[in-house]
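A.B. asks: task: produce atomic coordinates for the following.
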Amino acid sequence: MGSNHSWVIEFILVGLKLNAEMEVFFFWVFSFLYILSLLANGMILGLIYLDPRLHTPMYFFLSHLAIIDMSYASNNVPKMLANLVNQTKTISFVPCIMQTFFYLGFAGTECQILVSMSYDRFVAICHPLQYNVIMSWKVCTVLAAASWSCGFILSLVHAMLLLRLPFCGPQKVNHLFCEILAVLKLACADTWINQVVILAACVIVLIVPICLMLLSYARILWAILKIQSKEGRVKAFSTCSSHLCVVGLFFGIAMVVYMVPDSDQREEQEKILSLFHSLFNPVLNPLIYSLRNAQVKSALCRVLQRKWSS
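C.D. replies: Numbering: from 1, shown residues only. The predicted structure is shown next:
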């Protein structure tokens, strides 16, 4: 760091460009969605814990997804809500870097968990007789541990590379939170190493997982088409439809934010897209799995019946 530079001790999160009335309106909307995401994902976790019929690899990974979604929202949304009612909209340097670290860590972990879930569906449909052997609890634990490790190791690399950069102004982060690309624009030094690492991380946590899932679902589709009965094909496909919806939402938005070339016109669009990752996805994921999954709805009915009978 050059001698003419001084460390920035805090950043200003620009957020959405709204008037005071709209900020209050969005405060209540975002608060409602945040609470709803915690309740919905908490419900999924509670059902998986309480119902022995959901103690399977598929729901083991779903429980990890619920934990990630709750953590994901809790990392960004509280500060976002505070900024909607606070005129200063500042965040200190260290909390900003920590917010970036956890955001990237949870995002990377979710990518790997979704790949593990697609592998689980591949084994269930293409190798049903060997399912219990292939998807043993040891294998599931290793896949989950590897997902969390990969996500947070990559995030740690990003955070360490951010910490080596000098930030000497301007202080305004043109985003809703400390998103890595928005923070990098404020650095007073060459960020080519950071950009290369971000590109490499996109290949590891976006491109490679998408290719693996496309391969898995190509094999799944071929196996489903070979099923003789229409009822069998519908049942087999229904076990994958929820996961496909979640994958489409998550990876579609991530590809647009991190793989499409940047421009001034896209900055406001990226803020809205980031809201889907931080706020809407954590709400939609449990709703998709509960509304499209007969086992989850049955488990909810059994739990409610036990509560009423007791």
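A.B. asks: give me the element residue 283 is part of.
C.D. replies: Assessed by DSSP states H and E, residue 283 sits inside helix 281-291.
A.B. asks: show me what that helix is in contact with.
C.D. replies: For helix 281-291, the external contacting residues (C-beta atoms under 8 Å, 6 or more residues apart in numbering) are 33, 36-37, 40-41, 43-44, 62, 65-66, 69-70, 72-73, 242, 245-246, 249-250, 253, 296-297, 300. Heads up, the C-betas are built off the backbone N, CA and C, glycines and all.
A.B. asks: out of those, which are inside helices?
C.D. replies: 33, 36-37, 40-41, 43-44, 62, 65-66, 69-70, 72-73, 242, 245-246, 249-250, 253, 296-297, 300 (DSSP state H).
A.B. asks: figure out the helix or strand that the residue nearest to the spatial centre of the chain lives in.
C.D. replies: For the chain, the residue sitting closest to the mean C-alpha position, by C-alpha atoms, centre = their mean, is residue 107 at 4.4 Å. Counting by DSSP H and E, the element that carries residue 107 is helix 93-126.
A.B. asks: mean confidence score for that helix?
C.D. replies: For helix 93-126, mean pLDDT is 91.
A.B. asks: isn't residue 83 right next to residue 12, touching?
C.D. replies: No: taking contacts as C-beta atoms under 8 Å, residue 83 lies outside contact range of residue 12: 9.4 Å.
A.B. asks: who touches both of these two?
C.D. replies: By C-beta under 8 Å, 6+ apart, the residues touching both residue 83 and residue 12 are residue 89.
A.B. asks: which one of these two has more residues nearby?
C.D. replies: residue 83 (22 against 15; other C-beta atoms under 10 Å).
A.B. asks: can you check what angle separates the helix holding residue 283 from helix 93-126?
C.D. replies: 20 degrees (axes from the mean of the first three to the mean of the last three C-alpha atoms, to 10 degrees).
A.B. asks: mind checking how far helix 281-291 is from the chain centre?
C.D. replies: Mean C-alpha position of helix 281-291 versus that of the full chain (C-alpha atoms, centre = their mean, to the nearest Å) differs by 12 Å.
A.B. asks: what's the helix or strand containing residue 210 packed up against?
C.D. replies: If you go by DSSP H and E, residue 210 is part of helix 208-225. With contacts taken as 3 or more C-beta pairs under 8 Å, 6 or more residues apart in numbering; DSSP states H and E, helix 208-225 sits against helix 93-126, helix 230-259.
A.B. asks: in JSON lines, list the ones you listed along with distance to residue 192.
C.D. replies: Formatted as JSON lines, the helices and strands packed on helix 208-225 follow (distance: least, C-beta to C-beta, whole Å):
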{"stretch": "helix 93-126", "distance to residue 192": "18"}
{"stretch": "helix 230-259", "distance to residue 192": "17"}
